[in-house]
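> turn this into a model:
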Amino acid sequence: MAKDLRGFIAELEKQSPEDVARVKKPISPRYEMSAILTHLEKKKRFPLLYFENVEGGRAPVVINALASRRLMAMALEAKPEDLARKFSERQAKPIAPVEVSNGPAQEVSKVGDDADLAELPMLTHYDVNAAPYITAGIIVAQDPDTGVRNTSYNRLMMAGKRELRIFMAIGRHLWTLHNKMERRNQPLPIATVIGVHPLFSLGAQAFTPADEDEYAVIGGMMNEPLRLVEAKTVPLHVPADAELIVEGQILPHVRREEGPFGEFTGHAVEKDERQVIEVSAITHRKNYIFQDIHAGYTEHKLMGAVPREAALLKAVRNAVPTVKDVCMPVSGNCRFHAYISITKRTPAQAKNAICAAIAADMLLKHVVIVDDDIDVFDEEAVLWAVSNRFQADRDLVVIANAQGSELDPTAGPGGVNAKMGIDATKPLTGFPLPLRVPDEVMNRIRLEDFLPQLSR
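Numbering: from 1, shown residues only. Predicted structure coming up:
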């Protein structure tokens, strides 16, 4: 059976029921689901949320499918600390998709004026948001010259029955494809995929060259070929097992107001003139599940971390072969901040690792390099290394006026910002040893033998 969102939820409820929370009471998609999530975030609880009874009789809504490294690890069949390596392994083994004649994603088909975005349970997360948004929509587009398909997450603002407004980061693949078609005075056909297995979500965010078909990358991530069907109104193939597909085209030379929108930084992005999507069809399962990613909360911050960690691990390894682990912590929005551990062999390797990391990821602002005795997934340990192994006059690297993210609230025009690297590794010789209990004693003395009430 093909991997899909509902199959993942069923398997999760079977294997780890404590990681699924079903909300049966009626609830509004306007702020009320956000309030539930906010309460859970404050308690540091991140279950997959399944809202069964959405006001208006619309589809149920799922949030938090990728809200913890634990959930990601279950999907990838890996340990939480091995996610980047497992991701890299699967990304390196793409599996070509297969075409099928029909699929559940097209059980219900509404074409042309029968399509109505108002029927979808789009959420309004914050009081600052200008309108309801699709936040878990994966845009599929195809290069008109090569036929190579690209997938990307983009925020989509509802602006009418058949109109969406889209934010595309300058220079990224989707922006480049639209720019190519716009120069030809032609629209870019797209499909927005909503409601997929977590492995599909991760694969859709893989860092790939422009000539690699991302449907094949997603297949490799899922460890099975992605099933595709022909779209109803655009010249694309779409995932047969998705919950919902919105077909349409990004219009050339049309810009309309989009925003404000509360982004992953925890700040609102102001309104601006952005590209417009004209919707031509909506297809879905008979009893579809609508998926949402709550902007600015843990899932939104974390879900892009593993693909970025995998890309950083590969890039830094080219400069420093002894790199051990990479972590992009939630505290740094999982986009601006990275902790990297290396087995240091030469005095300047940490500086090389800093340069390689910053060069590999345009969004990255801060990089902390630590020794391999520091667990990069333990932020307290990283900060201990910064406190004890870093001196700003010799170990700080600053790069001014570099390209960063337009969403960074401290950046200048066009997202230009400064990059900072911290070398928190100790010298190769002559540095005090950290305090430790002998390994033999640690392995022999077990907490459960002496204080069973505290060992759980």
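> run a quick neighbour tally on Leu248.
Careful, residue 248 is Gly and not Leu. 26 (other Cβ atoms under 10 Å). Every residue, glycine included, has its C-beta placed from N, CA and C.
> got the contact list for it?
162, 164, 189-192, 233-234, 277-281 (Cβ atoms under 8 Å, 6 or more residues apart in numbering).
> so which of those residues comes closest to Ile340?
Thr192 (34.6 Å; Cβ to Cβ).
> tell me how many other residues crowd the closest one.
Neighbours around Thr192, by other Cβ under 10 Å: 24.
> phi first, then psi, for it.
phi -110, psi 120 (degrees, to the nearest 10).
> filter the contacts of Gly248 to the buried ones?
Listed as buried from the contacts of Gly248 are Arg162, Leu164, Pro189, Ile190, Ala191, Thr192, Thr233, Val234, Ile277, Val279, Ser280, Ala281; burial here means 16 or more other Cβ atoms under 10 Å.
> what's the spacing between Glu81 and Phe46?
17 Å (Cβ to Cβ, to the nearest Å).
> the two: who's more crowded?
Per other Cβ under 10 Å, whichever of Glu81 and Phe46 has more neighbours is Phe46, with 22 against 14.
> who's in contact with that one?
Contacts of Phe46 by Cβ under 8 Å, 6+ apart are Leu40, Asn64, Ala67, Ser68, Leu71, Thr298, Glu299.
> can you rerun that using 7 Å?
Residues near Phe46 by Cβ atoms under 7 Å, 6 or more residues apart in numbering: Asn64, Ala67, Ser68, Thr298.
> filter those down to just the ones in helices.
Thr298 (DSSP state H).
> tell me which of the contacts of Phe46 is nearest to Pro260?
Thr298 (21.8 Å).
> and the closest residue to the closest one other than its chain neighbours, how many neighbours does it have?
What sits nearest to Thr298 in space, not counting adjacent residues and going by Cβ to Cβ, 6 or more residues apart in numbering, is Ala67, at 5.1 Å. Neighbours of Ala67 under the rule other Cβ under 10 Å: 27.
> mind listing what's buried along the helix ranked longest in the chain?
Criterion DSSP H: the longest helix present in the chain is helix 305-319. Within helix 305-319, the residues scored as buried using 16+ other Cβ under 10 Å are 305-317, 319.
> try stretch 37-52
Leu37, Leu40, Glu41, Phe46, Pro47, Leu48, Leu49, Tyr50, Phe51.
> closest to Glu214 among those?
Leu48 (24.8 Å).
> quick one: low-confidence residue ranges for this protein.
1, 262, 264-268, 332-334, 456 (pLDDT under 70).
> and the contacts of stretch 436-453?
Leu454, Ser455.
> how far is that stretch from where the chain is centred?
39 Å (Cα atoms, centre = their mean, to the nearest Å).
> just the C-alpha atoms of that stretch, please, in CSV.
Listed next in CSV are the C-alpha coordinates belonging to stretch 436-453 (Å, rounded to 0.1, in the frame of the first residue of the first chain):
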residue,chain,number,x,y,z
ARG,A,436,34.3,13.0,34.2
VAL,A,437,33.4,9.9,36.1
PRO,A,438,35.3,6.8,34.7
ASP,A,439,33.3,5.0,32.0
GLU,A,440,33.6,1.7,33.8
VAL,A,441,31.9,3.1,36.8
MET,A,442,29.2,4.9,34.8
ASN,A,443,28.3,1.7,33.0
ARG,A,444,28.3,-0.3,36.2
ILE,A,445,26.4,2.0,38.5
ARG,A,446,22.8,2.2,37.3
LEU,A,447,20.3,4.6,38.6
GLU,A,448,17.4,2.1,38.6
ASP,A,449,19.5,-0.1,41.1
PHE,A,450,19.8,2.6,43.6
LEU,A,451,17.0,5.1,43.0
PRO,A,452,14.3,3.3,41.0
GLN,A,453,11.7,6.0,41.8
